[in-house]
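# make a model of this:
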Amino acid sequence: MENEKPLILVSNDDGVMAKGINELVKFLRPLGDIVVMAPDSPRSGSGCALTVTQPVHYQLVKKEVGLTVYKCTGTPTDCIKLARNTVLDRMPDLVVGGINHGDNSASNVHYSGTMGVVIEGCLNGIPSIGFSLCDHAQDADFDAAGPYIRSIAAMILEKGLPPLTCLNVNFPNTTDIKGIKVCEQAKGHWSNEWTACPRLTDPNYFWLAGEFTDHEPENEKNDHWALANGYVAITPTTVDVTAYDFIGELNKWINDNGK
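So this is what the prediction gives:
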């Protein structure tokens, strides 16, 4: 129907009860009809993982005018696949992941279940956005992010995104946001990634931890710099991982090796 409101599909990796996803729904509700399909408990760090060793189950949490919420036993990516194939009666106009409790800038994009939501939407030709706040606290304050989330989502509903391109949007942990910067992904690496937590008879237990080192800390074009300086960092992200610049060189290696 021509008068249908935009349909927005929402998920996350912190679980359906997380404050971030509930705040996200509140910010997005003026823009369209919302369907939430989110994990029934936290799935942080799940990336684009799929559940393939057991069935996935979902159930209705609540339904009201303009908002339907489901919870799912699977991963964030499972949630998007399940919603698209079993729940929705039409293609979403927008897929949104978040608001994540924690930073998904730089290489975190590869591990993030929030961005797993976004990548799954993008792979299916749906404009998709991930929102994250640099604060892991369960009761994090998302208010400053709200107007930006609504305006960015409205912009993408209007304009769309190029094929195989999605947006990774990160907010600094401040109520005094200076504005928006469109960024490149910071280049860096993680170190000291495990913290020992030995048991009585076995020392080989560890919690994932880590420290991120930005290889270009003075690069004002990257997302780490933007966040450290109080800006919203928007990184346009492609899901085509082909190294096009290397194709010619690799072909030369192959041809030379065959001589």
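
# is it true that C79 lies in a helix?
Yes: under DSSP: H, G, I helix; E, B strand; the rest coil, C79 sits within a helix.

# if I look at it, how far off is F142?
Using Cβ to Cβ, to the nearest Å, C79 is found at 21 Å from F142. No exception for glycine: its C-beta is placed from N, CA and C like everyone else's.

# go on, T165?
Separation of T165 from F142 (Cβ to Cβ): 25 Å.

# can you check C166 too?
Counting by Cβ to Cβ, the separation of C166 from F142 is 21 Å.

# was I right to think P127 contacts E158?
No: P127 is beyond contact range of E158, at 10.0 Å (criterion: Cβ atoms under 8 Å).

# list the contacts of P163.
Neighbouring residues of P163 by Cβ atoms under 8 Å, 6 or more residues apart in numbering: G125.

# so what pLDDT did it get?
Here, the pLDDT recorded for P163 equals 96.

# still on that earlier bit, between T165 and F142, which is the more surrounded one?
Using other Cβ atoms under 10 Å as the criterion, T165 and F142 rank with F142 on top: 22 against 15.

# helix or strand: which one has the spatially closest residue to that one that is not a sequence neighbour?
Closest residue in space to F142, ignoring its immediate chain neighbours: E23 at 4.3 Å, by Cβ to Cβ, 6 or more residues apart in numbering. According to DSSP states H and E, E23 maps onto helix 19-28.

# run through who's touching that helix.
With contact meaning Cβ under 8 Å, 6+ apart, helix 19-28 is reached by 8, 10-12, 14-15, 34, 36, 38, 67, 69, 96, 98-101, 131, 133, 138-140, 142, 145-146, 149-150, 153.

# selecting buried members of those residues in PyMOL, what would you type?
Typed into PyMOL, the next command selects the buried ones out of these (criterion: 16 or more other Cβ atoms under 10 Å):
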select buried, resi 8+10+11+12+14+15+34+36+38+67+69+96+98+99+100+101+131+133+140+142+145+146+149+150+153
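
# from the contacts of helix 19-28, which land in strands?
If you go by DSSP state E, the contacts of helix 19-28 have 8, 10-11, 34, 36, 38, 67, 69, 96, 98-101, 131, 133 in strands.

# state the distance from C134 to I99.
As judged by Cβ to Cβ, C134 and I99 stand 11 Å apart.

# show me the beta-bridge partners of Y58.
Counting by DSSP bridges, Y58 is bridged to C72.

# I'd guessed it sits against D78; true?
No: applying Cβ under 8 Å as the test, Y58 and D78 come out as separate, 9.1 Å apart.

# looking at the two, which one has more neighbours?
The residue with more neighbours, out of Y58 and D78, is D78; 24 against 19, by other Cβ under 10 Å.

# contacts only, for that one.
Contacts of D78 (Cβ under 8 Å, 6+ apart): L50, T51, V56, C72.

# among those residues, which ones are in strands?
Taking DSSP E as the definition of strands, the contacts of D78 contribute C72.

# may I ask which of the contacts of D78 has the most neighbours?
C72 leads the contacts of D78 on contacts (other Cβ under 10 Å) with 26 neighbours.

# from E193, how far out is that residue?
29 Å.

# repeat for R43
19 Å.

# these two: which is more packed in?
Taking other Cβ under 10 Å, R43 and E193 do not tie; R43 has more neighbours (25 against 12).
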